[in-house]
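Engineer: Sequence plus the predicted model coming up.
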Amino acid sequence: MGGKGENAGVQARDIFEKIKATLEEHGSSLDHVVAAIVYLADIDDRPKYFNDVWREYFPDNPPTRTCIEVGFAGDLLVEVTCTAEIPE
């Protein structure tokens with residue numbers, strides 16, 4: 001993940017694609033995400049890059065979200081953890 005020249009939006013899109021695939025593999029979907037914690041190397045990336053990607057993946061009734069600025073090693077700019085329901 002990451003790389004020179006990437007921004008938080010590019011990395012976020014990659015993360016959400018992986019989360020989406022994992023949820024679908026287990027019989028769920030992004031519609032069942034109830035909470036997310038977003039870790040950003042620069043909190044200013046939230047309005048610049050991250051929010052637009054967030055709205056692409058959660059256009060209606062988005063889950064709760066906490067954004068935290070953290071220090072990452074290397075080229076990592078964003079990480080996301082989600083809590084989701086797996087329907088019966």
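Structural biologist: That came through, no problem.
Engineer: Where in this protein is the helix or strand with the lowest mean pLDDT?
Structural biologist: Lowest by mean pLDDT, DSSP states H and E among the helices and strands of the chain is helix 45, with a mean of 94.
Engineer: And the next helix or strand past it?
Structural biologist: Once helix 45 ends, the next helix or strand along the chain (criterion: DSSP states H and E) is helix 51-57.
Engineer: Please name every helix or strand in contact with the next helix-or-strand element following that following helix.
Structural biologist: Towards the C-terminus, the helix or strand next in line after helix 51-57, according to DSSP H and E, is strand 64-69. Applying 3 or more CB pairs under 8 Å, 6 or more residues apart in numbering; DSSP states H and E, we find strand 64-69 packed against strand 33-40. From N, CA and C alone the C-beta is placed, and that goes for glycine too.
Engineer: and the strand it packs on, how far from the chain's centre?
Structural biologist: In terms of CA atoms, centre = their mean, to the nearest Å, the centre of strand 33-40 is found 6 Å from the chain centre.
Engineer: Could you do stretch 59-78 as well?
Structural biologist: Here the centre of stretch 59-78 is set off from its chain's centre by 6 Å, with CA atoms, centre = their mean.
Engineer: which residues touch Ile19?
Structural biologist: With contact set as CB atoms under 8 Å, 6 or more residues apart in numbering, Ile19 has these partners: Leu30, Val33, Val80, Cys82.
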